[in-house]
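> I would like to see how this sequence folds:
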Amino acid sequence: MTFKEREKLAGKLVRKTDDEIVSRLQKIHTNQLSETGVCSFAGDPRSILMWSHYAASHTGICIQFERARHYDLFAGALPVEYSQDYPGVNWIKYVESDFINVLLRKYIGWEYEKEHRLIDVTGANRSFEFRPEALTAVLLGCQASRSVKSLVRETLRERASAEMPAVKVYQVVKAQKKYSLVIHSAQES
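Here you go, the predicted model:
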């Protein structure tokens, strides 16, 4: 909203009850969320919890990008702040940066993710296009099925036939004697 629109809304809000104001603000916030695109990137492919939460208990894949190969896009990936407290928002002077700050804050218990996010306030339900050379690897989860592995290899063959840069494939495995993950180069089978 423009300053004048916010000023007019503020005048209307002053005449409303607290419940009416909260209801209106929740609707505005919900509308903004539905129109905003967020693409998240984890910081550590060896995180057991990351694989458990986001890769269907180690059955999925992780894709690796090299920021420098599409800097214009990935430089916009901002670090998430982890906190015990919700972010404060001044709903009367509300600006886009307040909304983005809300999207860049998570509970401190998720700090292990070392997450970065690309945020597009007008881009919900669309994909980000990246340069083919920015994709550098695919990591297969510990429990990835043969069908998942075959799909990854077939997709990478199609990519190669389209003369796109090669992508390395890695297999994530559980360490033998401790709770940790090890990443090995995957061999064609």
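> what lies in contact with stretch 132-152?
With C-beta atoms under 8 Å, 6 or more residues apart in numbering as the test, stretch 132-152 has contacts from 45, 51, 55-67, 69-70, 73-74, 156, 159, 164-165, 167-174, 181, 183, 186, 189. Where C-beta positions appear, they are placed from N, C-alpha and C, glycine not excepted.
> low-confidence ranges, the protein, go.
The chain contains residues with pLDDT under 70 at 13, 91-95, 187-189.
> among the contacts of stretch 132-152, which ones are in strands?
If you go by DSSP state E, the contacts of stretch 132-152 have 61-65, 168-174, 181, 183 in strands.
> kindly indicate which of these lies nearest residue 78.
residue 65 (15.3 Å; C-beta to C-beta).
> what is the neighbour count of the closest one?
Applying other C-beta atoms under 10 Å, we find 18 residues neighbouring residue 65.
> pretty sure it is touching residue 130, no?
Yes - under the criterion of C-beta atoms under 8 Å, residue 65 makes contact with residue 130 at 6.8 Å.
> residue contacts, the residue minimising distance to the centre of the chain?
Taking C-alpha atoms, centre = their mean, the centroid of the chain lies closest to residue 40, which sits 0.9 Å from it. The contact partners of residue 40, by C-beta under 8 Å, 6+ apart, come to 115-117.
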